[in-house]
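Generate coordinates for the sequence data below:
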Amino acid sequence: MEQLFEKLERPSDTHKGQNGRVLVIGGSGKYTGAPALSARAALRAGADLVKVLTAEEAKPAVQSFSENLIVESYGDEFDESSLEKAWELDDWADTTVIGPGLIDFDEKALKKFAEKAQDLVIDAGAIKHLLEFQTHVFTPHSGEAKIMREKYGSEKAFASETGNTVLLKGEVDKIFSGDKTADNRTGCAGMTVGGTGDVLTGIVASFRSQGLSKFEASRLAAFVNGKAGEKAFEEFGNGLVATDLIDEVPEILKME
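Below you'll find the model as predicted:
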């Protein structure tokens, strides 16, 4: 892992925007926290700039989570009318997260967006709709990965056949990228609380935006997310919440 941490070190002459720009597409009136967790985690993992594109109904709540976020709206739901704005922001970003809290969308519009998107980290409700797209990162838990097993036999086979990277969240995280595999054993039982997966997705996107490969970003993000969970658990026990992990991420990055 030490070599991966070294790859995140910045030159002294760097300037704003050079160290990662992340876009998060997600959220709804029901789920305002998910995109905010991913976006805040991306910032704490080192991305210079993070924008959120969310439902109009969710925009005020998402913005209220942090003054550091730039929040824009795609309208009432993600549909054909949302595409120009989404593509414009995807062009701005180095990496785009899509899926956290996203429930109001037109499937055709979602797929049309993915056809032109540069570098995606695909999570939650977007996973089952975007399996046909290649060379991206998918971050499912076992339930969300069921469709991969049904269509390809296993998550590993899905990664091998499509060229995608899969970060399968669990007690032991499994990373599959093409024909490469890795396990991550950091983490704790307290991380079963809601939102820790959104945090992980944001960290993956942050590391991708800073230049790590999909496999490297997934491995390091799983490690850092788990270590942050362990550290938060020492203080809060079973009372830890997802935002506690975000607060620990910079310390984990400094320690390692």
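
burial measure for residue 51, as a count.
By other Cβ atoms under 10 Å, the residues close to residue 51 number 18. Glycine gets a C-beta too; all of them are placed from N, C-alpha and C.

and what of the one 10 residues further on?
Number of residues near residue 61 (other Cβ under 10 Å) recorded here: 17.

And what about it, helix, strand or coil?
Classification of residue 61 by DSSP: H, G, I helix; E, B strand; the rest coil places it in helix.

who's in contact with it?
Residue 61 makes contact with 32, 36, according to Cβ atoms under 8 Å, 6 or more residues apart in numbering.

distance of it from residue 30?
From residue 61 across to residue 30, the span is 11 Å (Cβ to Cβ, to the nearest Å).

what's the answer for residue 249, then?
Residue 249 is 26 Å from residue 30, where distance means Cβ to Cβ.

Likewise for residue 11?
As judged by Cβ to Cβ, residue 11 and residue 30 stand 43 Å apart.

show me where this protein has strands.
Taking DSSP state E, the strands of the chain run over residues 21-25, 49-54, 70-73, 95-98, 120-122, 137-138, 165-168, 173-177, 180-184.

neighbours around residue 77, how many?
Residue 77: 17 neighbours (other Cβ under 10 Å).

so it sits right up against residue 107, yeah?
No: contact criterion Cβ atoms under 8 Å: residue 77 and residue 107 do not qualify, at 11.3 Å.

ok so, going back, could you dump the strands of the chain into TSV and include mean pLDDT?
Formatted as TSV, these follow (pLDDT from 0 to 100):
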stretch	mean pLDDT
strand 21-25	99
strand 49-54	98
strand 70-73	98
strand 95-98	99
strand 120-122	99
strand 137-138	99
strand 165-168	98
strand 173-177	98
strand 180-184	97
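
Distance to residue 159 for those - can I get that in JSON lines?
Output for these, formatted as JSON lines (distance: least, Cβ to Cβ, whole Å):
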{"stretch": "strand 21-25", "distance to residue 159": "23"}
{"stretch": "strand 49-54", "distance to residue 159": "27"}
{"stretch": "strand 70-73", "distance to residue 159": "32"}
{"stretch": "strand 95-98", "distance to residue 159": "18"}
{"stretch": "strand 120-122", "distance to residue 159": "13"}
{"stretch": "strand 137-138", "distance to residue 159": "8"}
{"stretch": "strand 165-168", "distance to residue 159": "5"}
{"stretch": "strand 173-177", "distance to residue 159": "4"}
{"stretch": "strand 180-184", "distance to residue 159": "8"}
